[in-house]
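K.L.:
what follows is a protein structure lacking sequence information:
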Ligand SMILES: O=C(O)C1=N[C@H](C(=O)O)C[C@H](O)C1
């Protein structure tokens, strides 16, 4: 399923592991669970999905299992990252026939290219693929910030359809939202700023935190879209502590801990260099699960 204007809640699915391998049983359980939630699409093998630790065979299997389980219920977007334009071009070629509708491609990291380098990198990748591409701008992970001028040049290319915005500069995000052409989608990847981004005009979010209380994240989105800002704010005031808790230590370990405690994952296992959460954070998460469970009862 190909979506040319992504909006709403896109879930960057965690990748379950068991004893070092892909845990397919947990993966199927997760997909069944989220297919019944109010989300608009799944992102696989991105930051939250520990995509950098998966080899090609595992990524292929991940996509295959998720697509089979979804049976077309939701669109799939595949996360790609790297700092070599040619290798990414080969990854696009390798995955062209896979059941993914679009790609989320991070800016090249570590090498800190110029704005012209960033433009040519994405323009080359856009030329190499028929599928829609979302640019992922996250300077605090990659070391390079794609400026709005470059983004707007890229937005003019037919299959560059949007941005996952994690630039961490409120003015840059707002200026882009004012200047973007119609048909170019902006989704925030700053979980704790989701409500603010929506009120500034963003189309939705790619939010690891939405693994938990998915319906409340969707309610915030729907209320802002419907112009009901006081209803959105009322939900958000209760929800905003959740992303803070789930990002208190490197993601996705806190989220995996929560999903394990909730019975959706067999294990909270992450792959090195990520590590499981501290005992202190585990106790805080367990207490929050207990609090939310007693409120719901
Ligand atoms: O999985 C992702 O991609 C996400 N990335 C952001 C990050 O890298 O910090 C956070 C977002 O919730 C999901």
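P.N.:
Yep, that arrived. Since we're looking at a predicted model, the values are computed, not measured. Numbers count the residues shown, from 1 in each chain.

K.L.:
make it CA atoms for all contacts and neighbour counts henceforth
P.N.:
OK.

K.L.:
surely residue 23 touches residue 17?
P.N.:
Yes. Assessed by C-alpha atoms under 8 Å, residue 23 is found in contact with residue 17 at 4.7 Å.

K.L.:
where along the stretch 1-150 of the chain do the helices fall?
P.N.:
Using DSSP state H, counting those that start in this stretch, the helices of the stretch 1-150 of the chain run over residues 24-35, 56-70, 85-95, 115-128, 139-142, 148-155.

K.L.:
between those helices, which one is nearest to the ligand?
P.N.:
Among the helices of the stretch 1-150 of the chain, the nearest to the ligand by C-alpha to the nearest ligand atom is helix 139-142 (7.3 Å).

K.L.:
following element in sequence after the helix or strand containing residue 164, please.
P.N.:
Here residue 164 is covered by strand 160-165, with elements defined by DSSP states H and E. Next along the chain after strand 160-165, taking DSSP H and E as the criterion, comes helix 170-179.

K.L.:
could you list every helix and strand in contact with that following helix?
P.N.:
On a contact count with 3 or more C-alpha pairs under 8 Å, 6 or more residues apart in numbering; DSSP states H and E, helix 170-179 meets helix 148-155.

K.L.:
try 10 Å this time
P.N.:
Counting by 3 or more C-alpha pairs under 10 Å, 6 or more residues apart in numbering; DSSP states H and E, the packing neighbours recorded for helix 170-179 are helix 148-155, strand 160-165, strand 185-188, helix 194-199.

K.L.:
got the buried residues for the longest one?
P.N.:
Right, helix 148-155. Under the neighbour-count criterion of 16 or more other C-alpha atoms under 10 Å, helix 148-155 has 148, 151-152, 154-155 buried.

K.L.:
and residue 292, helix, strand or coil?
P.N.:
Applying DSSP: H, G, I helix; E, B strand; the rest coil to residue 292 yields a three-state assignment of helix.

K.L.:
which of the buried residues of helix 148-155 lies closest to residue 75?
P.N.:
residue 155 (21.5 Å; C-alpha to C-alpha).

K.L.:
coming back round to it: taking helix 115-128 as reference, get the angle to the strand holding residue 164.
P.N.:
Strand 160-165 runs at 130 degrees relative to helix 115-128, counting by axes from the mean of the first three to the mean of the last three C-alpha atoms, to 10 degrees.

K.L.:
give me the angle between strand 160-165 and helix 170-179.
P.N.:
Strand 160-165 runs at 160 degrees relative to helix 170-179, counting by the same axes, to 10 degrees.

K.L.:
rounded mean pLDDT for strand 160-165, please.
P.N.:
Mean pLDDT, strand 160-165: 97.

K.L.:
what parts of the stretch 101-250 of the chain come near the ligand?
P.N.:
By C-alpha under 6 Å from any ligand atom, the residues of the stretch 101-250 of the chain that approach the ligand are 189-191, 206-209.

K.L.:
switch those over to a markdown table; also include distance to residue 169.
P.N.:
Listed next are those as a markdown table, based on distance: C-alpha to C-alpha, whole Å:
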| residue | distance to residue 169 |
| --- | --- |
| 189 | 13 |
| 190 | 11 |
| 191 | 14 |
| 206 | 17 |
| 207 | 18 |
| 208 | 20 |
| 209 | 21 |
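
K.L.:
now render those residues as JSON lines, adding secondary structure and neighbour count.
P.N.:
Listed next are those as JSON lines, based on DSSP: H, G, I helix; E, B strand; the rest coil; neighbours: other C-alpha atoms under 10 Å:
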{"residue": "189", "secondary structure": "coil", "neighbour count": "25"}
{"residue": "190", "secondary structure": "coil", "neighbour count": "22"}
{"residue": "191", "secondary structure": "helix", "neighbour count": "22"}
{"residue": "206", "secondary structure": "strand", "neighbour count": "25"}
{"residue": "207", "secondary structure": "coil", "neighbour count": "24"}
{"residue": "208", "secondary structure": "helix", "neighbour count": "26"}
{"residue": "209", "secondary structure": "helix", "neighbour count": "27"}
